[in-house]
Structures are given as structure tokens and as C-alpha cells.
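Visitor: Sharing a model that was predicted from the sequence below.
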Amino acid sequence: MNNLRNLICAILLFSSAFLMAEENDYDAYRHSFRIGWGTAFSGKLVTDLSSRSSVPYYNNTYLQAIQGMTAEEAHAYLTNYRMQLASSSTVSSGHIFASYAYQFTPLVSFGVEADAVFLKDQFQMINGYGERLQDPAISSLYYLTLLPTVRFTYMRDGFISLYSSVGLGATYSGYSSNLPSEWTEQSPANVGITANIALGGMNFHYQNWYAEAEVGFMATKMLLWPQSSYPILTSRLLSLAIGYRF
């Protein structure tokens, strides 16, 4: 009986010391800033970018159009005709983000995050004779997102803490190209709703500085051009960040 009472007292003392350390850590560092980078493995984004061009890929169907033309007319048509080769070079910045958060309780913090992702597609152009043109075709696409975010820090132990978070906000998208397209002629801008969820994150901290790694996903539903939405489980699968707290 005495052993059981001593065990209970020891557990209570340990729990009190842990909670006190957690409370001290929570009181000392209410504010935090971080900057980071996340993956953007989205084939849908790349397809979205390349599909905006109205210039056809290389094929032979255009040759039917010169049937019945004079030699001069056919020459002018083939010289001015534009096609893009199937091969292209797409570059993505990945997700670049910055955020601020305020720790309301040891468990819950609330903040806002700004996220940006940029893509550029470049490919060679040819005319109707199959001759390569000197200037390549370049198209650019970007998404800018503002996300109010709630974080739940459910474990703190020494220099490590574990957390999950959820954010819901608005996205603005822009598109530019040196090619003719309905996207540039009508409305290159787009707006939408974005959700970002960190299923699990690990925070390594020492005094005021910290580093974080998290796994999750980001999904966006565009409203003006719904076909340009990129689906769930394609962005922010892995994010890395460094930050400062005070």
C-alpha cells in the first residue's frame, strides 16, 4: 500500500514538473516567425501551364491546309505557321512560404501564412517548314496564397515538440505568355480557395531558434477557371522551415 502511494506521488510530482516546464516554455515564447520551402510534385500544375497555349504541337495535319494554294500562298502560309515541339523544359520554384503565429495556450496557436509557387515552361518553336525559330516560347504561372492557420502542439519534450495544423485561405493566380491564348486574351488572373493540412510536424528548438519538418498536403479549388485547380495530395507533401520565437 505504501509502495502504491509512493508511486502515485512520484507520478504526480513528475507530471507537475513536466507541466511546469511546458508552461514556462509556453510563457517565454508566445510569438514565432518562420520561413520555409515545400515540395510541389504536381503534374497537374505542369499540364495546366502547358495546356494554356493555343499553338498546336508538331503534327502533319496543317499540310492539308495548303492544298489548292498557289506556290506563293503556300510559302507564306508555311513561313508564318507556328508549332511547338513536344519536348519542353518546366521549372518550378516549389512552395516558398513565411508565417507568423501567436501561442494562445500550450496546446493551441493561431497565425497567418503567405505561400507562393512559380512555374515557367519554355519550349522551342518551329514554322511550317520544320525550321527552328530563334526565340523560344515562354509561359509563366504563379499562385499566391494567404492562409490563416491553427496549430495544435500536442507533445513537448526537451528540445523537441510535435504538432499538427490546418489552414484555410484564399489564392490568387496569374499567367503570362508570349504565345496567343484564350488565357491571355480574356482573363489571365484567377482566384480560388486553398486548404493546407500538416498531418504531422516535428519542431527542434534551442532557446529562440528552431527548425521544423512536416508532412501534409495542400489543395486548391480555383473559381474563375476551375480546370486549372490542382488536386489534393500533390503539393506541400514535405515542408522544411527555420524560425525565430520570442
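Guide: Perfect, thanks for sending it.
Visitor: For residue 165, give the beta-bridge partners.
Guide: Taking DSSP bridges, one finds residue 151, residue 198 as the beta-bridge partners of residue 165.
Visitor: Next, work out how far apart the residue nearest the centre of the chain and residue 208 are.
Guide: Of all residues in the chain, the one closest to the mean position by CA atoms, centre = their mean is residue 95, 3.9 Å from it. In this view, residue 95 and residue 208 are 25 Å apart by CB to CB, to the nearest Å. Bear in mind the C-beta positions are built from the backbone N, C-alpha and C, glycine included.
Visitor: again, but for residue 61
Guide: Plainly put, residue 61 is 64 Å away from residue 208 if you go by CB to CB.
Visitor: which ones are touching the residue nearest to the centre of the chain?
Guide: Contacts here follow CB atoms under 8 Å, 6 or more residues apart in numbering; on that basis residue 95 touches 37-40, 115-117, 218, 235-236, 239.
Visitor: neighbour-wise, which of residue 61 and residue 208 wins?
Guide: Neighbour count, other CB atoms under 10 Å: between residue 61 and residue 208, residue 208 has more, with 12 against 7.
Visitor: ok, now which ones touch that one?
Guide: Residue 208 makes contacts with 29, 244-246, as judged by CB under 8 Å, 6+ apart.
Visitor: Present these as JSON lines; the columns should include secondary structure, distance to residue 155 and pLDDT.
Guide: JSON lines is the format used below for these (DSSP: H, G, I helix; E, B strand; the rest coil; distance: CB to CB, whole Å; pLDDT from 0 to 100):
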{"residue": "29", "secondary structure": "coil", "distance to residue 155": "16", "pLDDT": "88"}
{"residue": "244", "secondary structure": "strand", "distance to residue 155": "22", "pLDDT": "98"}
{"residue": "245", "secondary structure": "strand", "distance to residue 155": "17", "pLDDT": "96"}
{"residue": "246", "secondary structure": "coil", "distance to residue 155": "22", "pLDDT": "95"}
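Visitor: Give the ChimeraX command for selecting the buried subset of those.
Guide: Selection of the buried residues among the contacts of residue 208 in ChimeraX, burial being defined by 16 or more other CB atoms under 10 Å:
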select :29,245
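Visitor: In the contacts of residue 208, find the pair that's most separated.
Guide: 29 and 244 (9.6 Å; CB to CB).
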